[in-house]
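Peer 1: coords please:
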Amino acid sequence: MSETPKISVVIPVYNSARYLPECLDSILLQDFRDFEILIADDGSTDGSLEIIKSYAQKDSRIRWWQNEKNLGLTGNHNAVMRAARSEFIKFVHQDDRILHPSAFAKMLEPLERDASVSLVGAASELINSKSQALAVRNYFPKTQTLDGKDVIVKCLEENKNILGEPTLVMFRRRQAARGFDPRYRQIVDMEFWFHLLEQGRFAYIAEPLFGFRVHSQQASAANARSGAAREEQMLLLTDYRTKPWLTAHATARMWFKQIYYLRKKYGERAAPLIAQAKPKISLPAYAWCWLEHRLTAPFVRLKERSLRNRLKE
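Peer 2: Next up is the predicted model:
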C-alpha cells in the first residue's frame, strides 16, 4: 500500500454489533488493496467498539476512534469524512455489505479515467436482516456516464433518491469538502449527491455491487416514524429552484412532480413555493404530465406495495 492510500473507506458507526462484522469482512475481501479504513464510533453501547478493536488488531489499515460526545448521524458522517486522507472517498454503512470483490476497483476506474466525473454509483440489492436478497434496484438502464445536472433533474422527476444510499457511491474528496448539510435528515444523502453532481458528471455501473440492508432500526425508518424530516421536500426545492443552471436542465415533468407532491403532502403550507413553481410549466404541459401520472401511478404503487410486502417477510 502506498504512503497515502488511493481510497478512504469511511464507516460511521453507532450500535451496530449485529451487522458490523459482516460489513467489515466484505470490505477486507476486496481485491483492490490500496485503501485505509476509518471508523468513527458515535458512543455505541452494544459491543460495537469491541468488534472495531478486534478488527483493528488484525489489519493495520484500520484507523478508529470514539467521538468525545454523540454527534448524531449527519455529524458523524462529516467527522469521519473530514479525517480522510485519500483522493477518493467510499462510504460503507455499518449494516450494509459489499457484494462483489472488485467493487472498489470498478468504481475507481471511471473516476481515474474521466476527470469530469464527480460521482460514481451502482445498482444494488435490497437485503434483509438475514442478508437474503429481496430485490435488485437498478434505476438506470445501462452502464453509462450522464450530465450531473440532468441526473439531479431526473431525481426531482421521480421525486426520490434514485442514486441510492452512501454505500452505493464513490466520489472525490476535494469536491466533498462542504460535507453533508445538517439541515437535512431523511434526504441528507440525496442533497449531498446533488452538491457533487453540480460539479461534474455521474458515472453509473448497472451491476449490483452492494447490498443495502432494510430493517426496522435503520435511520430512515426512525425518521419516518418520528416525522423528523417532514419538511425536507419543501426545503430541497427552496434550495434548488433558483439555481442558475436549472432553467436549462429542468423539464416539464420535473416541475409537475414537484408541484403535485408539494400540494399533496403540504397543502396550504406549500402555497408560496407552488406559486413560484407554477409559471415554470405551461397549462397544456401540466395537463399532459397529470394524465401520464394518473395512468402510470397505479402500476408504480403496485410495484412498491409488492416490494414492501417482501421486505416484511
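Peer 1: When you work out contacts or count neighbours from here on, use the C-alpha atoms and nothing else.
Peer 2: Noted.
Peer 1: CA-only coordinates of stretch 77-96, as CSV, when you get a sec.
Peer 2: This file holds the C-alpha atoms of stretch 77-96, laid out as CSV (Å, rounded to 0.1, in the frame of the first residue of the first chain):
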residue,chain,number,x,y,z
HIS,A,77,-20.7,11.3,8.7
ASN,A,78,-19.0,14.6,8.4
ALA,A,79,-16.5,13.8,11.1
VAL,A,80,-15.3,10.6,9.6
MET,A,81,-15.2,12.1,6.1
ARG,A,82,-13.0,15.0,7.4
ALA,A,83,-10.5,12.6,8.7
ALA,A,84,-10.0,11.0,5.2
ARG,A,85,-6.5,11.4,3.6
SER,A,86,-7.1,9.8,0.2
GLU,A,87,-8.1,11.3,-3.1
PHE,A,88,-11.3,9.3,-3.2
ILE,A,89,-13.9,8.5,-0.6
LYS,A,90,-16.0,5.4,-0.3
PHE,A,91,-18.7,5.3,2.4
VAL,A,92,-19.8,1.9,3.6
HIS,A,93,-22.7,2.0,6.1
GLN,A,94,-22.4,-0.2,9.2
ASP,A,95,-25.3,-2.5,8.3
ASP,A,96,-24.6,-2.8,4.6
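Peer 1: list the buried ones in it?
Peer 2: Residues 77-81, 84-86, 88-96 are the ones in stretch 77-96 that count as buried (16 or more other Cα atoms under 10 Å).
Peer 1: and if you look at stretch 36-54?
Peer 2: By neighbour count with 16+ other Cα under 10 Å, stretch 36-54 contains the buried residues Glu36, Ile37, Leu38, Ile39, Ala40, Asp41, Asp42, Gly43, Ser44, Ser48, Leu49, Ile52.
Peer 1: Next step: the buried residues of stretch 77-96 restricted to strands.
Peer 2: If you go by DSSP state E, the buried residues of stretch 77-96 have Phe88, Ile89, Lys90, Phe91 in strands.
Peer 1: bridging residues for the first one?
Peer 2: According to DSSP bridges, the partner residues bridging Phe88 are Ile7, Arg172.
Peer 1: For it, give me its contacts.
Peer 2: Phe88 is in contact with Lys6, Ile7, Ser8, Met170, Phe171, Arg172, Arg173, counting by Cα atoms under 8 Å, 6 or more residues apart in numbering.
Peer 1: What of the last one?
Peer 2: Going by Cα under 8 Å, 6+ apart, Phe91 touches Val9, Val10, Ile11, Pro166, Thr167, Leu168, Val169, Met170.
Peer 1: could you give the mean pLDDT of the host helix or strand of the last one?
Peer 2: Counting by DSSP states H and E, the element that carries Met170 is strand 169-172. Average pLDDT, strand 169-172: 98.
Peer 1: before we move on, what about stretch 54-72?
Peer 2: Mean per-residue pLDDT for stretch 54-72: 97.
Peer 1: Endpoints of that stretch, how far apart?
Peer 2: Start and end residues of stretch 54-72 are separated by 24 Å (Cα to Cα, to the nearest Å).
Peer 1: Bridge partners for Glu36, pull those for me.
Peer 2: Beta bridges link Glu36 to Ser8 when assigned by DSSP bridges.
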